[in-house]
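**Q** predicted coordinates and the sequence they were generated for:
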Amino acid sequence: MDNMQAPSVGGVRLPKGNGESIRLPRGASLTDFADKINANPASLVQVLFHLGEMVTATQSVSDEILELLGSEMNYNVQVVSPEEEDRELLGTFDITYGDDAGGEDDLQIRPPVVTVMGHVDHGKTRLLDTIRTAKVAEGEAGGITQHIGAYQVNTELEGNERLITFIDTPGHEAFTAMRARGANSTDIAVIVVAADDGVMPQTVEAINHAQAANAPIVVAVNKIDKEGANPAKIRQQLTEYGLVAEEYGGDTMFVDISAKQGINIDGLLEAILLTADASLDLRANPEMEAQGVAIEAHLDRGRGPVATVLVQRGSLRVGDSIVAGAAYGRVRRMVDEHGVDVTVATPSRPVQVIGLTSVPGAGDTFLVVEEDRVARQIAERRQARNRNAMNAAKRKRVSLEDLDAALKETSALTLIIKGDNSGTVEALEDALMKIEVGDDVELRVIHRGVGGITEGDINLAVAGSAIVLGFNVRAEGKATELANREGVDVRYYTVIYQAIDEIEQALKGMLKPEYEEVQLGRAEVREVFKSSKVGTIAGCLVMSGEIRRNARARLLRDNNVIQENLPISSLRRFKEDATEVREGFECGLTLGNYSDLKVGDMIETFEMREKPRA
């Protein structure tokens, strides 16, 4: 085909590309594509229709459809990742994320950021509590520490005062997405392994996350005070995963501790600092405008949206205009883990920020911009991008072949998820969406949010016939009364796996029953009688099983199926009506109004029984 000639799909003429690249954001529509190549969106709709895809011009479509359309028209479609798109978006405002401004002289040493990971029940939370109690509470009145998801501890190395920042991410396997993000905002990962239990699946998962984030690893061998503890075995097991202890000639520091007894906690903190000094160049410019990551966020009844942010470079000050993910605002107040007001947060400092207009997601990047207007514009564009990407991901591909099935009503379980912080809500939704129960039943989340269950949530549940899940939150005020009055099912959970199990059972309960055919018996036709009252009667000998009245039957002649799904409408043994006739006995039967019966035909009877699902 000549390069100037337009390709034709189903009679639709389109501009033909020369293999040039077209960059499109995730969740783009056919209109976006058409704008890039100077085509009519309606013609792209027609092309996809002929390719077996039904899509409207303004609908967000999946990456696969964009690439399919591009290949058909000789364009190389590149779907831009959210990170790249974000970089381009910030570039339009002359903002560069992740680069330290200034020269070598402007960089100053910053504390290492540490995430503690490992298998459930191996002592991660106890270790964090012990470090917090031993190091943080020393300078506190009454030893009270606020939980803000991160905190700094003071320790000493070679006579010098040093700080270490700990991120307190949940360690449960359902929080894989959050934990991966935690590792990505982390300088060093501490992998906790119980000396009496050994390397477990989540231990391996944690190691993989840390290695994927290129974070140096320090191994804390916990519970050395317990009977059956074998630290040497742990060292041996972890060599299989590339973690070779220094005493074996490797470069990974192993520290034997007891979080419960407080044994060798200082040794662990020292190992973290030594690893940071040996492996990493932890420096940042505190004079530039702040950039970093939101660790967790929640909606506080008195203070509104509250986000715990970790400053990675620059200094965050009260009064700064910031944008965090799709949330924006002005920093009205900052507090540390002690609840003490902070005016300036330097690199590696975790603080709670008050003043955002909405709750950002866990793991969202934040940055300081010149004015509120720019922050709002960036946030709105991010919201639109997220919405398009979500719509594209949720849209099921409907081809012409399965249009009939798509038009039939599919069972759907609709949920509204509310939780105590954005990370929990995101992790719960992620875990629920991964439940597999086949294509017959669909799980839809029509709303997710942070904070208590409100009347608005209940009204939305009524409109959308949804179930409300509350994770570590309760219904507020009149919401409970409204839910009871409207019959809305509100379920409360504090354990993520309980929620997953119950939703999985509910989805399985919505599946249409599956039936399987069960053979009942076979009978051979020995005589055929004609009756003016009942029609054609087959005189049969039951060869195997039993023949039941009202069962379904198929007629076989020379082992070929002549007729399917016939009813055994009457069954007699001699002159008496019978409900069933067993093997070896003779009987007379009729197959509804069917009359084409011959001597030697075989009648197979069967019934359809519901099949239990695995």
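**A** Right, received. Where do you want to start?

**Q** where does the stretch 1-150 of the chain have low pLDDT?
**A** 1-17, 81-104, 134-148 (pLDDT under 70).

**Q** neighbours of Leu556, how many?
**A** Leu556: 17 surrounding residues under other Cβ atoms under 10 Å. Yep, even glycine has a C-beta here, placed from its N, CA and C like the rest.

**Q** just list whatever residues bridge to the nearest residue to it once chain neighbours are set aside.
**A** Leaving aside its chain neighbours, Leu556 sits nearest to Met602 (4.3 Å; criterion: Cβ to Cβ, 6 or more residues apart in numbering). Met602 has the following beta-bridge partners by DSSP bridges: Glu524, Leu556.

**Q** OK, contacts around Met602?
**A** Arg522, Ala523, Glu524, Val525, Met543, Leu555, Leu556, Arg557 (Cβ atoms under 8 Å, 6 or more residues apart in numbering).

**Q** where does the stretch 151-300 of the chain have low pLDDT?
**A** 169-184.

**Q** at 80 what do you get?
**A** 159, 168-186, 201-202, 205, 208-214, 300 (pLDDT under 80).

**Q** now do stretch 562-572, average pLDDT.
**A** Taken as a whole, stretch 562-572 has a mean pLDDT of 91.

**Q** distance from that stretch to the middle of the chain?
**A** Relative to its chain's centre, stretch 562-572 lies at 51 Å (Cα atoms, centre = their mean, to the nearest Å).

**Q** and it, what's buried?
**A** Ile562, Gln563, Leu566, Ile568, Ser570, Leu571, Arg572 (16 or more other Cβ atoms under 10 Å).

**Q** grab the nearest non-local neighbour of the fifth one.
**A** Among residues not flanking Ser570 along the chain, Thr590 sits closest, at 4.8 Å (Cβ to Cβ, 6+ apart).

**Q** do Glu370 as well
**A** Closest to Glu370 by Cβ to Cβ, 6+ apart is Ser321, at 7.0 Å.

**Q** all strands of the stretch 251-400 of the chain, in order?
**A** 253-256, 283-284, 291-300, 304-313, 316-317, 321-324, 327-335, 344-345, 350-356, 365-369 (DSSP state E, counting those that start in this stretch).

**Q** mind putting the ones you listed into TSV with distance to Thr203?
**A** TSV is the format used below for the strands of the stretch 251-400 of the chain (distance: least, Cβ to Cβ, whole Å):
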stretch	distance to Thr203
strand 253-256	14
strand 283-284	31
strand 291-300	23
strand 304-313	25
strand 316-317	35
strand 321-324	32
strand 327-335	34
strand 344-345	33
strand 350-356	26
strand 365-369	29
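
**Q** can you tell which of those is closest to Leu507?
**A** Closest approach to Leu507 among the strands of the stretch 251-400 of the chain is made by strand 291-300 (28.6 Å; Cβ to Cβ).

**Q** which strands and helices sit next to the closest one?
**A** strand 304-313, strand 365-369, helix 422-433, strand 441-450 (3 or more Cβ pairs under 8 Å, 6 or more residues apart in numbering; DSSP states H and E).

**Q** and that strand, what's buried?
**A** Gln291, Gly292, Val293, Ala294, Ile295, Glu296, Ala297, His298, Leu299.

**Q** likewise for stretch 53-62?
**A** Glu53, Val55, Ala57, Gln59, Ser60, Val61, Ser62.

**Q** of those, closest to Leu316?
**A** The closest of those, once distances to Leu316 are taken by Cβ to Cβ, is Ser60, at 34.7 Å.

**Q** that closest one contacts Ala28, correct?
**A** Yes - the pair Ser60 / Ala28 is scored as a contact, 7.1 Å apart, by Cβ atoms under 8 Å.

**Q** what about Val219, distance to Leu69?
**A** 50 Å (Cβ to Cβ, to the nearest Å).

**Q** check Glu426 too.
**A** Distance from Glu426 to Leu69, by Cβ to Cβ: 31 Å.

**Q** same drill for Val219 and Leu69, tell me which one is more crowded.
**A** Val219 (26 against 23).

**Q** wouldn't the more buried one be in contact with Ile234 here?
**A** Yes - with contact defined as Cβ under 8 Å, Val219 and Ile234 form a contacting pair (7.5 Å).

**Q** which neighbours do those two share?
**A** Val193, Phe254.

**Q** can you give me the strands in the stretch 1-150 of the chain?
**A** Counting by DSSP E, counting those that start in this stretch, the strands of the stretch 1-150 of the chain are 8-9, 12-13, 21-25, 76-80, 108-109, 113-118, 150-157.

**Q** where does the stretch 501-614 of the chain dip in pLDDT?
**A** In the stretch 501-614 of the chain (pLDDT under 80), the answer is 506-515, 610-614.

**Q** what about the closest residue in space to Val293 that isn't next to it in sequence, neighbour count?
**A** Once flanking residues are discounted, Val293 sits nearest to Ser185: 4.5 Å by Cβ to Cβ, 6+ apart. Per other Cβ under 10 Å, the neighbour tally for Ser185 reads 21.

**Q** and the contacts of Met602, which two are the farthest apart?
**A** Met543 and Arg557 (15.3 Å).

**Q** which residues are contacting the host helix or strand of Ile547?
**A** Per DSSP states H and E: Ile547 is located in strand 535-548. Defining contact as Cβ under 8 Å, 6+ apart, one finds that strand 535-548 is touched by 519-531, 568, 571, 579-591, 593-597, 601-603, 605, 607.

**Q** any of these buried? List them.
**A** Here, 16+ other Cβ under 10 Å leaves 520-525, 568, 571, 580-581, 587-591, 594, 597, 601-603, 605 buried among the contacts of strand 535-548.

**Q** tell me which of those residues fall in strands.
**A** Using DSSP state E, the members of these that fall within strands are 520-525, 571, 580-581, 587-590, 602-603, 605.

**Q** that older thread, export the helices and strands packed on strand 291-300 to TSV and tack on distance to Glu246?
**A** Shown next, in TSV, are the helices and strands packed on strand 291-300 (distance: least, Cβ to Cβ, whole Å):
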stretch	distance to Glu246
strand 304-313	29
strand 365-369	35
helix 422-433	34
strand 441-450	44
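
**Q** hey, which of the ones you listed is tucked in deepest?
**A** Counting by mean count of other Cβ atoms under 10 Å, strand 304-313 has the highest mean neighbour count of the helices and strands packed on strand 291-300, with a mean of 24.

**Q** which of the strands of the stretch 251-400 of the chain sits closest to Thr165?
**A** Among the strands of the stretch 251-400 of the chain, the nearest to Thr165 by Cβ to Cβ is strand 350-356 (6.0 Å).

**Q** can you name every helix or strand that the closest one contacts?
**A** strand 150-157, strand 304-313, strand 321-324, strand 327-335.

**Q** could those go into CSV alongside distance to Ala271?
**A** As requested, the helices and strands packed on strand 350-356 are arranged in CSV below (distance: least, Cβ to Cβ, whole Å):
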stretch, distance to Ala271
strand 150-157, 10
strand 304-313, 22
strand 321-324, 33
strand 327-335, 30
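
**Q** report the buried residues of the one helix or strand Glu502 maps to.
**A** Per DSSP H and E, Glu502 falls inside helix 496-510. Buried residues in helix 496-510, counted by 16+ other Cβ under 10 Å: Ile496, Ala499, Ile500, Ile503, Ala506, Leu507, Met510.

**Q** what is the orientation angle of it with helix 422-433?
**A** 30 degrees (axes from the mean of the first three to the mean of the last three Cα atoms, to 10 degrees).

**Q** residues near the residue lying closest to Asp197 once chain neighbours are set aside, how many?
**A** With Cβ to Cβ, 6+ apart as the criterion, Asp197 has its nearest non-adjacent residue at 6.6 Å, and that residue is His122. The number of residues packed near His122 is 28, by other Cβ under 10 Å.

**Q** dump the residue contacts of His122.
**A** Val192, Val193, Ala194, Asp197, Met200, Thr203, Asn222, Lys223.
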